[in-house]
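Enquirer: What follows is a protein structure lacking sequence information:
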């Protein structure tokens with residue numbers, strides 16, 4: 001059985017100043033909300049950041065990194081990519097509409113780490129910036145391949161002449 005430990009902050013410990021957090025979150029804890037054909041978690045989320053109280057908010061600063069298993073959006077080749085958010089920062093409200101849920105004196109920072117990582121995921125991952133995509137299929141010897149249609153002629157012209 002695997003126990004997942006969220007990133008918890010006891011607010012009373014912030015009275016002494018800055019706290020440092022360093023560790024990993026398992027891929028299962030990231031829960032991106034469903035399968036994605038192009039991007040999948042390839043390992044745990046590594047985090048290293050400091051937390052300080054700034055008025056009625058928490059200021060987090062540091063680095064987040066995760067390995068991704070990607071499929072190129074152009075050529076469909078599988079590759080591994082490292083997503084690193086460095087420098088990374090977040091401001092989390094302790095009061096108001098957007099306030100973090102505080103249970104006792106403890107705040108769970110895990111949802112913010114997950115959210116910022118998900119927002120940074122590549123939408124169309126490419127194996128290389130110059131990826132040309134899938135190779136063109138070989139042309140068969142029959143048909144009119146390589147011949148341009150006459151001016152005004154289109155693939156729909158034969159269909160337009162049909163009478164029903």
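Expert: That came through fine. A quick note: this is a predicted structure, and the numbers were derived from the prediction, not measured.

Enquirer: Now do the contacts for the closest residue to residue 131 other than its chain neighbours.
Expert: Spatially, and ignoring its direct neighbours in sequence, residue 131 is nearest to residue 74 (4.6 Å; C-beta to C-beta, 6 or more residues apart in numbering). Yep, even glycine has a C-beta here, placed from its N, CA and C like the rest. Residue 74 is in contact with 126, 127, 131, 132, 133, 134, counting by C-beta atoms under 8 Å, 6 or more residues apart in numbering.

Enquirer: Mind giving me the PyMOL select for these, buried ones only?
Expert: Listed next is the PyMOL selection for buried residues among those, using 16 or more other C-beta atoms under 10 Å:
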select buried, resi 126+127
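
Enquirer: between the contacts of residue 74, which is nearest residue 106?
Expert: Relative to residue 106, the closest of those is residue 126; by C-beta to C-beta it sits at 41.4 Å.

Enquirer: Show me what residue 102 is bridged to.
Expert: residue 107 (DSSP bridges).

Enquirer: Pull the number of nearby residues for it.
Expert: 13 (other C-beta atoms under 10 Å).

Enquirer: what about the longest helix in the protein?
Expert: helix 110-119 (DSSP state H).

Enquirer: In a strand, residue 44, correct?
Expert: Yes: assessed with DSSP: H, G, I helix; E, B strand; the rest coil, residue 44 lies in a strand.

Enquirer: Next one: it from residue 29, what distance?
Expert: Per C-beta to C-beta, to the nearest Å, residue 44 is found 8 Å from residue 29.

Enquirer: go on, residue 56?
Expert: Distance of residue 56 to residue 29, computed by C-beta to C-beta: 28 Å.

Enquirer: So which of those two has more stuff around it?
Expert: For residue 56 versus residue 29, neighbours defined as other C-beta under 10 Å are more numerous around residue 29 (18 against 10).

Enquirer: I'd assumed residue 111 was in contact with the more buried one.
Expert: No: taking contacts as C-beta atoms under 8 Å, residue 29 lies outside contact range of residue 111: 10.3 Å.
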